[in-house]
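>>> Quick one, what's the 3D model for this:
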Amino acid sequence: MAEQATEQTTPRADRGRASRGGRQSRGGRRDDRRNRRDDAPKEFEEVVINIDRVARVVKGGRRFRFKALVVVGNHKNKVGVGVAKGADVQAAIAKATDVAKKHLITIPVANETIPHDMEVKLSGARVLIKPAAPGTGIIAGGVVRAIIGVTGIRNLLSKSLGSTNKVNIAYATIEALNSLVPREQWLGVKAGAKAKAGEEE
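Modelled structure (predicted):
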């Protein structure tokens with residue numbers, strides 16, 4: 001009886017081992033795929049600035065969704081901001097990232113800082129950015145710091161005034177960066193401004 005029991009159990013044990021071995025090999029393939037995906041370098045860094053839970057009142061009660069504010073940048077003078085809503089946090093972040101990538105701007109950078117001062121008022125938010133000497137670092141807080149952090153700028157002074165709404169501050173910062181004029185174009189801009197003033201007179 002004991003011999004029969006051993007004979008009956010041996011194939012099952014072998015089967016178990018074979019199936020376990022099969023599972024391990026499949027798992028190995030999955031791990032390889034995962035590693036391959038992680039090894040691919042990301043062109044843009046994505047930073048989630050803020051996530052809000054928003055509600056819409058419908059007949060049956062309130063419907064909750066999530067709103068994400070995301071900034072993307074490549075640390076090579078390209079940056080974009082996106083806002084989107086989704087049924088869950090991951091969906092909102094994914095949508096906002098896509099929006100940000102579709103609205104990228106290129107910033108003129110000179111000696112790891114911006115070429116000149118710029119102040120922008122957008123809705124209730126007012127953002128002031130100024131160039132800084134080498135070694136100063138990024139003197140900014142909250143939203144402005146998150147946005148500047150993914151650009152190629154290393155030295156900057158900034159001040160956020162007025163509204164504390166993060167979306168407005170983000171868009172005001174992007175508008176300020178987008179309004180910067182490269183040093184090479186300064187003379188052309190001045191000449192254009194003088195010509196315009198002459199026409200008005």
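>>> From now on I want contacts and neighbour counts done on CA atoms only, so please keep to that.
Noted.
>>> And for the helix or strand containing Y171, what's in contact with it?
Applying DSSP states H and E as the criterion places Y171 in helix 166-178. Helix 166-178 is contacted from outside by 50, 69, 80-81, 83, 105-107, 118-129, 143-144, 147, 160, 163, using CA atoms under 8 Å, 6 or more residues apart in numbering.
>>> For that helix, what does the pLDDT average out to?
Mean pLDDT, helix 166-178: 93.
>>> Next SSE downstream of the worst-scoring helix or strand of the chain on mean pLDDT?
Across the helices and strands of the chain, mean pLDDT, DSSP states H and E gives its lowest value to helix 2-39, namely a mean of 49. As assigned by DSSP H and E, the chain's next helix or strand after helix 2-39 is strand 45-58.
>>> Dump that following strand to CSV, restricted to CA.
In CSV, the C-alpha atoms belonging to strand 45-58 read as follows (Å, rounded to 0.1, in the frame of the first residue of the first chain):
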residue,chain,number,x,y,z
GLU,A,45,9.9,64.7,-16.2
GLU,A,46,6.4,64.9,-14.9
VAL,A,47,5.6,66.6,-11.6
VAL,A,48,2.1,66.6,-10.0
ILE,A,49,1.6,70.0,-8.5
ASN,A,50,-1.9,69.6,-7.1
ILE,A,51,-4.8,67.2,-7.0
ASP,A,52,-8.3,68.4,-6.0
ARG,A,53,-11.6,66.5,-5.6
VAL,A,54,-14.4,68.3,-7.4
ALA,A,55,-18.1,67.5,-7.2
ARG,A,56,-21.0,68.0,-9.6
VAL,A,57,-24.5,68.0,-8.3
VAL,A,58,-26.8,65.6,-10.3
